[in-house]
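Student: Fold the following for me, if possible:
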Amino acid sequence: MTWIRTTNYEESSGRLRQLYDRLKGPDNNVDNIMVAHSLRPHTLEGHMTIYKHVLHHSGNSVPAWFLETIGVYTSMLNGCDYCVDHHTSGLRRLLNNDARAQSILEALGAPNPKRAFSPQQSLALEYSRKLTLSPASLTESDIRGMRAAGWDDGEILEINQTVAYFNYANRTVLGLGVDTAGDVLGLAPNNSADQDSWNHS
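Tutor: As a prediction, this is how the structure comes out:
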């Protein structure tokens, strides 16, 4: 599951069990990316707080499916199969349209993903690519271009935070050897109106 020692749900107690109970899915399933934090529960709490607020908050105005798409794309760029697998399942669930989901995934895997997206969305994906692979190359003109395409500054911030979160998550997974063994793919904390609700369904 990981290259370091971890504590699973059945073995957990105290603060770790409390956090697991907040975020678990069916049959007490806790995603391996979160179990990887088990030796330092405070980092699990920090990770889950960022994840919930960045991707599953009612204050977001960028469509949830597109934030999920950005997460899949960022994870593809980083070669993080774990996050690609999890969030591809989440994207399929959000779209509820297999043909659309497939066209998006094929486009993201191509050298130029523009064919499945609007010009506005394509600029956000280009920003995501640069922020992931060459962040120091970004300039204010990138932001001006996104603004001119129709993204407002709050939405640009949402896109930025989604890319930043996935780079963090990808490096957690890749750096600790986290795999999907035993995970239930595609679950998410679906109650965006309650930021204290972490349970996955």
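Student: Show me the shaky parts of the protein.
Tutor: 191, 193-195 (pLDDT under 70).
Student: And the strands in it, which stretches?
Tutor: According to DSSP state E, the chain carries no segments that qualify as strands.
Student: For the chain, just list every one of the helices.
Tutor: Residue ranges of the helices in the chain, as given by DSSP state H, are 14-23, 32-35, 41-55, 64-78, 81-95, 98-108, 119-133, 140-148, 153-176.
Student: mind giving me JSON lines with those helices and columns for distance to Ser192?
Tutor: C-beta coordinates here come from the backbone N, C-alpha and C atoms, glycine included. Shown next, in JSON lines, are the helices of the chain (distance: least, C-beta to C-beta, whole Å):
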{"stretch": "helix 14-23", "distance to Ser192": "15"}
{"stretch": "helix 32-35", "distance to Ser192": "19"}
{"stretch": "helix 41-55", "distance to Ser192": "9"}
{"stretch": "helix 64-78", "distance to Ser192": "8"}
{"stretch": "helix 81-95", "distance to Ser192": "12"}
{"stretch": "helix 98-108", "distance to Ser192": "21"}
{"stretch": "helix 119-133", "distance to Ser192": "20"}
{"stretch": "helix 140-148", "distance to Ser192": "24"}
{"stretch": "helix 153-176", "distance to Ser192": "13"}
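Student: and stretch 45-61, C-alpha only, in CSV?
Tutor: Written as CSV, here are the backbone C-alpha positions of stretch 45-61 (Å, rounded to 0.1, in the frame of the first residue of the first chain):
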residue,chain,number,x,y,z
GLU,A,45,-6.2,16.6,9.0
GLY,A,46,-4.4,19.3,7.0
HIS,A,47,-4.5,17.3,3.8
MET,A,48,-8.2,16.6,4.1
THR,A,49,-9.0,20.2,5.0
ILE,A,50,-7.3,21.5,1.9
TYR,A,51,-8.8,18.8,-0.3
LYS,A,52,-12.3,19.5,0.9
HIS,A,53,-12.0,23.3,0.6
VAL,A,54,-10.3,23.3,-2.8
LEU,A,55,-12.5,20.7,-4.6
HIS,A,56,-15.7,20.3,-2.6
HIS,A,57,-16.7,23.7,-1.3
SER,A,58,-20.1,25.4,-2.0
GLY,A,59,-18.2,28.7,-2.5
ASN,A,60,-16.5,27.5,-5.7
SER,A,61,-17.9,28.8,-9.0
